[in-house]
Structures are given as C-alpha cells and as structure tokens.
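Engineer: sequence and predicted structure, then a few things I'm wondering about:
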Amino acid sequence: VCTTKINANIAMVLSFLYKCVRVFCEYFKELEEESIRDNFVIVYELLDELMDFGFPQSTDSNILQEYITQEAHKIEQVRPPQALTNQVSWRSDGVKYRKNEVFLDVIEAVNILVKI
C-alpha cells in the first residue's frame, strides 16, 4: 500500500512496490505473513535502504545484501538497572509472554485517472 500527499507517477509507485516484493522474496525465500513477522527488523532495515524520505533509492538486491545481512545475534538476558526502569510494585519479576505481537491497520484507497 502506498499513499502520497501529492500527485505521483502511478507507474513509478507500482514499479517500486513490485521491486520491494522481489527484494523481500530474495531475502525470505517465501513472502508470507509469518516470514515478515519473524524478520521484522530486517524488513525495517530494507525499507530504510529502499527509500529515503519517501523517495525510492536503491532497489537492487545485490547492493542491498552488502549493507544488510541476515545474521542475527541473540542477546542473552540483559536487564537494565532497576533505577532506570522505575520498579513497579504490582508487576512480578520474570513475566514472559508467549509471543510478541505487532498490530498494523492497513487502509487502502486507490484513485486512478486514465485518459484514453
């Protein structure tokens, strides 16, 4: 989904979306909801490199693979000092959730003016 505040070339927008999907497929092998959820950090990094300030930049996957690698380093349980987190009396220590969730609301609207 793309939105613009100004009139934009629809061919450029669709081309950029197509190239984004192609880059994601090369990184994740299969572009599915699960792969995006599992690799959301890489998705954010890719989007940051694919466009700057809303303008498409580098969409070549070979160049992007030099900047963005898939190697992830799992941080062992590092806890910030209690003074920084402002200890809450009602929350017990060691609370863990089964899965992290991110909810996105996607609202689509397409307006196309074609002159024949």
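Structural biologist: Yes, it's here. Please read all numbers here as calculations on a predicted model, not as lab measurements.
Engineer: rest of the way, CA atoms for contacts and neighbours
Structural biologist: Fine.
Engineer: residue ranges with poor pLDDT in the protein?
Structural biologist: Applying pLDDT under 70 to the chain flags residues 70-91, 116.
Engineer: one more pass at 90, please.
Structural biologist: Residue ranges of the chain with pLDDT under 90: 1-18, 20-116.
Engineer: now the helices for it?
Structural biologist: All helices of the chain, identified by DSSP state H, fall at 10-28, 33-38, 40-50, 61-67, 82-85.
Engineer: mind giving me CSV with those helices and columns for distance to Ala109 and mean neighbour count?
Structural biologist: Formatted as CSV, these follow (distance: least, CA to CA, whole Å; neighbours: other CA atoms under 10 Å):
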stretch, distance to Ala109, mean neighbour count
helix 10-28, 13, 15
helix 33-38, 22, 12
helix 40-50, 21, 16
helix 61-67, 29, 13
helix 82-85, 42, 8
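Engineer: nearest to Glu108, of those helices?
Structural biologist: When the helices of the chain are ranked by distance to Glu108, counting by CA to CA, first place goes to helix 10-28 at 14.2 Å.
Engineer: which other residues reach the closest one?
Structural biologist: The contact list for helix 10-28 (CA atoms under 8 Å, 6 or more residues apart in numbering) reads 2, 31, 35, 43, 50, 56, 59-61.
Engineer: hang on, the earlier thing: relative to Val95, which of the helices of the chain is closest?
Structural biologist: Evaluated over the helices of the chain, closeness to Val95 peaks at helix 82-85, with 14.6 Å, by CA to CA.
Engineer: show me which of the contacts of helix 10-28 is closest to Tyr97.
Structural biologist: Taking the contacts of helix 10-28 together and measuring to Tyr97 by CA to CA, the closest member is Ser35, at 20.0 Å.
Engineer: circling back: distance to Lys115 for the contacts of helix 10-28 - can I get that in TSV?
Structural biologist: TSV is the format used below for those (distance: CA to CA, whole Å):
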residue	distance to Lys115
Cys2	22
Leu31	35
Ser35	40
Val43	36
Leu50	31
Pro56	26
Thr59	30
Asp60	32
Ser61	35
